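Peer 1: Dropping the sequence and predicted coords here.
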Amino acid sequence: MNGLSHIGLKTTNIERTERFYTTVLGGEVVQRRDVPDRRIWLYVAGVRLEIAELPAWGALTEVQRKALPTVNFAVDTDEVDELAARLDTYGVPRHGPYLKATGAGVGLYFADPDGNPMSFSCAEGYVREGLIRNPISSWPASPYQWPPAPVTAR
């Protein structure tokens, strides 16, 4: 074996997904196709993702959502707070930063709009004072509306 080729994810809306991964996560699309199905290939922090568009699927149970694999991006100590603020700016629900369940690492947990679970993981060096251990073991990420609906004035 020669290592990891890519990670495959699914979406119900390829345009929204492309905007999310390029705008929020700073990804770069390197290939796209429309036939025989719609999909994009992009790089996010050096990780190649292949995202295929599928018809909408039924809601998953909490147990099924907890069983989904998580895409974890390694980040440096000085990036954690900046990334938390970036997720907040773009209206992406998040949890953390929390101390990982074990060790000295810190995790910032979120999902893409289709509910594919993700995290930013900092192995060491982040100021741990005031942080608690992750209380949401196997956080069940779920789909959400993105971008958030604009607030209308009353």
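Peer 2: Good, I have the coordinates.
Peer 1: show me where the protein has strands.
Peer 2: 7-11, 28-33, 39-44, 47-53, 71-74, 94-99, 106-111, 117-122 (DSSP state E).
Peer 1: So for Thr61, which of those strands sits nearest?
Peer 2: strand 117-122 (14.7 Å; CB to CB). Just so you know, the C-beta spots here come from the backbone N, C-alpha and C atoms, and that holds for glycine as well.
Peer 1: which helices and strands sit right next to that closest one?
Peer 2: Helices and strands touching strand 117-122, by 3 or more CB pairs under 8 Å, 6 or more residues apart in numbering; DSSP states H and E, are strand 71-74, helix 80-89, strand 106-111.
Peer 1: and that strand with strand 94-99, angle?
Peer 2: Orientation check (axes from the mean of the first three to the mean of the last three CA atoms, to 10 degrees): strand 117-122 against strand 94-99 gives 30 degrees.
Peer 1: which residues touch strand 117-122?
Peer 2: 65, 68-77, 79-80, 83, 96-97, 100, 105-112, 139, 141 (CB atoms under 8 Å, 6 or more residues apart in numbering).
Peer 1: From Thr23, how far off is Glu15?
Peer 2: 12 Å (CB to CB, to the nearest Å).
Peer 1: returning to that earlier point: just name the most buried of the helices and strands packed on strand 117-122.
Peer 2: strand 106-111 (a mean of 23; mean count of other CB atoms under 10 Å).
Peer 1: Give me the contact list for that one.
Peer 2: By CB under 8 Å, 6+ apart, strand 106-111 touches 72, 80, 83-84, 87, 92-100, 117-122, 126, 128, 131, 134, 136, 139, 141-144.
Peer 1: My read is that Leu25 contacts Val44, right?
Peer 2: Yes. In this structure, Leu25 is within contact of Val44 by CB atoms under 8 Å, at 4.9 Å.
Peer 1: okay, those two: which has more neighbours?
Peer 2: Taking neighbours as other CB atoms under 10 Å, Leu25 and Val44 compare with Leu25 leading, 22 against 18.
Peer 1: Show the contacting residues for the more buried one.
Peer 2: Val44, Ala45.
Peer 1: And for Thr17?
Peer 2: Residues near Thr17 by CB under 8 Å, 6+ apart: Thr11, Ile40, Ile51, Glu53, Asp112, Pro113, Asp114.
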